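# What follows is a predicted protein model with its sequence.
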Amino acid sequence: MEELLKQLMEQMNTRFDKLNDDINFLKEESSVIKEEVSIIKETVTNNSTEGRSHFKHIEVQLNEQQKKFKVVEGELKKVNIDIEYLSSKTGNHDAEINNINKRIQS
């Protein structure tokens, strides 16, 4: 009976030792995972900050381009008005030249 009890105790000790080894292994792995998660978190934070910075820069450039387009649009409107005016003047001049030619021919 004592021998059986001793054998059971040895088996239990062996199991406890294995459990302790497994727990220590899990602790080490958990520590490694925490470090890796921390690195990933820092990387994501840096990428996010960099992305926002680039977005703001692009947004500023876009606003500047829109201002330039508005200035160009205004200039084009002025040019179109001038073209219409000159075109109407050309029409009037053509009519006057035509009248003068008819008078000269008659």
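In hand now; what should we look at?
# what number of residues lie near Thr45?
10 (other Cβ atoms under 10 Å). All C-beta spots, glycine's among them, are computed from the backbone N, C-alpha and C.
# starting at the chain centroid, how far to the helix or strand harbouring Ile104?
Using DSSP states H and E, Ile104 maps to helix 2-105. In this view, helix 2-105 has its centroid 0 Å away from the chain centroid, taken as Cα atoms, centre = their mean, to the nearest Å.
# what about it, average pLDDT?
Averaged across helix 2-105, pLDDT comes to 94.
# residues near Phe25, how many?
Neighbours of Phe25 (other Cβ under 10 Å): 10.
# oh, I was asking about Val71
Other residues within reach of Val71, judged by other Cβ under 10 Å, total 10.
# what does Asp21 give?
Asp21: 10 neighbours (other Cβ under 10 Å).
# what separates it from Phe55, distance-wise?
From Asp21 over to Phe55 the distance is 51 Å, taken as Cβ to Cβ, to the nearest Å.
# Ok, Ile97 next?
61 Å.
# Same check on Phe16?
For Phe16, the distance to Phe55 - Cβ to Cβ - is 57 Å.
# repeat for Glu35
Glu35 is 30 Å from Phe55, by Cβ to Cβ.
# repeat for Lys34
Counting by Cβ to Cβ, the gap from Lys34 to Phe55 is 31 Å.
# got it, and Ser106?
75 Å.
# Looking only at neighbour counts, state which of these two leads.
The neighbour count for Ser106 versus Phe55, taken as other Cβ under 10 Å, is higher for Phe55 (10 against 5).
# and Lys77, what does it touch?
Contact analysis of Lys77 by Cβ atoms under 8 Å, 6 or more residues apart in numbering lists nothing.
# Can you tell me how far it is from Ile83?
Where Ile83 is concerned, Lys77 sits at a distance of 11 Å (Cβ to Cβ).
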